[in-house]
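J.: sequence first, predicted model second:
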Amino acid sequence: MIKKLFVGFWVGLWNSLNFIRRLLLNAALLFILVAIGFGVWEGFQPQVPQNAVLTIAPYGDLVEQWDGDPVEAAIGEALGESNPQTRLFDLVRAINAAVSDDNISGIVLQTDDMWGAGPAQLQDLAAALEQFRNSGKPIYAYGSRFSQGQYYLAAQANQIFMDPYGEVLIEGFSTYRNYYAEAAEKLKASVNVFRVGEYKSAVEPWLRNDMSPSAREANAAWMNTLWGSWRETLADRRQVKPARIESYVQDFNSLLNASEGDSALTAQAVGLIDGLATPNEFVELMVDKFGQAEDVDWADYQQVDSYSYLAQLDLQQFQQDAVQPQPSIAVVVVQGALMEGAQGTGYANIAVVEDQLWQAAHDDSVAGIVVRVDSPGGTVTAAETLRRAIVAAKAKGKPVYVSMGTVAASGGYWLSASADEIWAQPDTLTGSIGIYGIVPTFERCLAELGIYTDGVGTSPFAGAFRVDRALSDPVRESIQLYIDNGYQRFIQTVADARDMAPEVVEKAASGRVWIGTTAQELGLVDQLGGLQDTVEALAKSLDLNDDDAQLYEPALGFVDELIVQLSGNIQLPANVLASPLLAQWLVSLGEVSLLSQLVTKTAQQDYRLSLSDIGFAWSPLTLR
């Protein structure tokens, strides 16, 4: 008995000491990590030097918000393994702030690392850069070569320089897709299509082997308008006739032949660029214009990148809000296809967006809401969920404006319809008011293999949706009635929300996609303008400063926030992020999933949006 007490005493003492040791160790680790975080923050906190040049260099795809988990993206960025993305909101905010910043003397646009951007997103950037130019400060652009999107951005500069071995690739716009009707027939697959709307062309690949006349008409209409807008903009910025831009696209070979195959000289001869220069020569040009940077022994000009500049702006905003909080405008982003549940990359997380709208509606510091929509559509349930959340926010006394991005069509338009005002860029693709459903079955394919399906059911609908059974007439009828009803609801929802007669909405419907300028003429859009224009309009109606707009995002925990902040200010080597010390602390906090992300980084898939593939699946029949 005494022996057991003796052993129990020492075991208890040991466990107590071990608990205290772990407590002290975790506390020390927490203190060290926080100290490192604040040390990194303070040490890398940028101070904008006088006569600095703001560098705008989009990296990766231009997006409305980070696509995927922000912590995973931050870790990937620190490890150099992320799928790069740049938020449009950040670039516009940096440019707008630089307009009145006496420390910023100009902007240099570097476009080489910009992978993709939608036309409406580029219009947003162009509007911000125009405001900067109008302040009297110069903008210069440089690229080793220019794709069409890169050149549209570069054209906003006062002068454009390109590498002597570069080229300007302007090809116009097109929409091509594969058609599967013959392939489906060869495979003996029965593709049952249900739709309302002559121009709802998303289902055509399963019905035809080519583009229908109605789809060709609709696509040519918005595409020609879009190209005309780009051609006029480029001609205006370069001070040449639109016909000169058109000839560069249509007669490129003859122009190239005149320059003996030198694409850089061809671009310069047409007037697309101002000069040819190697990267070092361009730096020397900028030194001549802005002066030599201090504390460097080589030729360089004083510059600050947009991320460092935004960090300084955020610090100033934090200090200001700490002293005197101001009411703000919440910007809530809906990006990607609309599907219930967290679908991952390329999809809007409906539950998260709905919660953001609810939080903004109940946040006393939020005076109004701008919903930024960049979505080709999705399921009715998902779209209606977000539309109801907008209506609920309005019921709480918060005005809600919608700012449409590159695409806000079908379900993207459905959720937008009930906003107080809808804004779109002239190049936004919207509308597509229509419904479709697709139900494939494979009974004929199986029959070729000698496989048949038979049985009994208690009703015509029992087992009706098996993929190994043909759809019966009663089932086909019910689905079409379901689709017809959904279309009428779509029409009525828009009519009620927009105070339009249903027959007027019907004329703009039939599944047809409209470009922003035409959508305004049809009454589907209230005003033409970008995100900043929308924020300014809402701020003016509320008598607020438009600088008070804040991107509304899900709140992160302490560990997540610290990781994101660290990655945003310094590129940490993998051996630091995955160090035993950090690993032990994360395990002690139960952050095993975060630790696994640090150890094994999963590459994210790219999301590419095909502008021609705009559809609206009527749940639960079809998933896009």
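T.: It's in. Numbering: from 1, shown residues only.
J.: against which helices or strands is the helix or strand hosting residue 280 packed?
T.: Taking DSSP states H and E as the criterion, residue 280 maps to helix 279-290. On a contact count with 3 or more C-beta pairs under 8 Å, 6 or more residues apart in numbering; DSSP states H and E, helix 279-290 meets strand 104-110, strand 139-143. C-betas here are computed from N, CA, C, even on glycine.
J.: of all those strands, which gets the most neighbours per residue?
T.: Of all the helices and strands packed on helix 279-290, strand 139-143 has the most neighbours on average by mean count of other C-beta atoms under 10 Å, namely a mean of 25.
J.: next SSE after the helix holding residue 280?
T.: Next along the chain from helix 279-290, counting by DSSP H and E, comes strand 303-305.
J.: packing partners for that following strand?
T.: Using 3+ C-beta pairs under 8 Å, 6+ apart: strand 303-305 touches strand 52-56.
J.: just how off-centre is whichever helix or strand comes after the strand it packs on within its chain?
T.: Sequence order places strand 60-63 as the next helix or strand after strand 52-56, per DSSP H and E. Relative to its chain's centre, strand 60-63 lies at 7 Å (C-alpha atoms, centre = their mean, to the nearest Å).
J.: nearest to residue 307, of the helices and strands packed on helix 279-290?
T.: strand 104-110 (13.3 Å; C-beta to C-beta).
J.: now do that closest one: distance to the chain's middle.
T.: That offset, for strand 104-110, works out to 24 Å (C-alpha atoms, centre = their mean).
J.: then stretch 188-206?
T.: 28 Å.
J.: end-to-end on it?
T.: 13 Å (C-alpha to C-alpha, to the nearest Å).
J.: list the buried ones in it?
T.: 189-206 (16 or more other C-beta atoms under 10 Å).
J.: now swap in stretch 127-138 and tell me
T.: 127, 128, 129, 132, 133, 137, 138.
J.: before we move on, what about stretch 350-366?
T.: So, applying 16+ other C-beta under 10 Å, buried residues of stretch 350-366: 350, 353, 354, 356, 357, 359, 360, 361, 363, 366.
J.: hey, where'd the strands end up in the stretch 251-400 of the chain?
T.: 275-276, 303-305, 328-335, 337-339, 347-349, 366-375, 400-409 (DSSP state E, counting those that start in this stretch).
J.: list the buried residues of the second one.
T.: Of the residues in strand 303-305, those buried by neighbour count under the rule 16+ other C-beta under 10 Å are 303, 304.
J.: show me what it is in contact with.
T.: Residues outside strand 303-305 that contact it (C-beta atoms under 8 Å, 6 or more residues apart in numbering) are 46, 48, 49, 52, 53, 54, 55, 57, 104, 108, 293.
J.: now tabulate those residues in a markdown table and tack on distance to residue 314 and pLDDT.
T.: Below are these laid out as a markdown table (distance: C-beta to C-beta, whole Å; pLDDT from 0 to 100):
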| residue | distance to residue 314 | pLDDT |
| --- | --- | --- |
| 46 | 11 | 50 |
| 48 | 13 | 76 |
| 49 | 18 | 79 |
| 52 | 17 | 91 |
| 53 | 20 | 94 |
| 54 | 16 | 96 |
| 55 | 18 | 96 |
| 57 | 19 | 96 |
| 104 | 16 | 95 |
| 108 | 22 | 97 |
| 293 | 24 | 82 |
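J.: follow-up on the earlier one: give the buried residues for the helix holding residue 280.
T.: 282, 283, 285, 286, 290.
J.: cool, and stretch 268-282?
T.: Neighbour-count burial for stretch 268-282 [16+ other C-beta under 10 Å]: 268, 270, 272, 273, 274, 276, 277, 282.
J.: list the contacts for the fourth one?
T.: Contacts here follow C-beta under 8 Å, 6+ apart; on that basis residue 273 touches 160, 161, 162, 168, 264, 267.
J.: got the domain ranges for the chain?
T.: Domain ranges of the chain: 1-43, 52-174+225-309, per automatic domain parsing.
J.: among these, which is nearest residue 426?
T.: So among those, domain 52-174+225-309 is nearest, using C-beta to C-beta, at 5.8 Å.
J.: could I get the CA-only coordinates of stretch 372-389 as PDB?
T.: The C-alpha trace of stretch 372-389 is given here as PDB (Å, rounded to 0.1, in the frame of the first residue of the first chain):
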ATOM      1  CA  ARG A 372     -19.300  42.200 -56.400                       C
ATOM      2  CA  VAL A 373     -20.600  39.500 -58.700                       C
ATOM      3  CA  ASP A 374     -18.400  37.600 -61.100                       C
ATOM      4  CA  SER A 375     -20.300  34.400 -61.800                       C
ATOM      5  CA  PRO A 376     -21.600  32.600 -64.900                       C
ATOM      6  CA  GLY A 377     -24.500  31.100 -63.000                       C
ATOM      7  CA  GLY A 378     -25.300  27.800 -61.300                       C
ATOM      8  CA  THR A 379     -28.200  26.300 -59.500                       C
ATOM      9  CA  VAL A 380     -31.400  28.100 -58.800                       C
ATOM     10  CA  THR A 381     -31.300  27.200 -55.100                       C
ATOM     11  CA  ALA A 382     -27.800  28.700 -54.700                       C
ATOM     12  CA  ALA A 383     -28.800  31.900 -56.600                       C
ATOM     13  CA  GLU A 384     -32.000  32.300 -54.800                       C
ATOM     14  CA  THR A 385     -30.300  31.800 -51.400                       C
ATOM     15  CA  LEU A 386     -28.000  34.800 -52.100                       C
ATOM     16  CA  ARG A 387     -30.800  36.900 -53.500                       C
ATOM     17  CA  ARG A 388     -32.800  36.300 -50.300                       C
ATOM     18  CA  ALA A 389     -29.700  37.300 -48.300                       C
END
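J.: same list, the domains of the chain, but as CSV with distance to residue 462 please.
T.: Output for these, formatted as CSV (distance: least, C-beta to C-beta, whole Å):
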stretch, distance to residue 462
domain 1-43, 59
domain 52-174+225-309, 41
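J.: lowest mean pLDDT across those, which one is that?
T.: Note on the domains of the chain: domain 1-43 shows the lowest mean pLDDT, a mean of 55.
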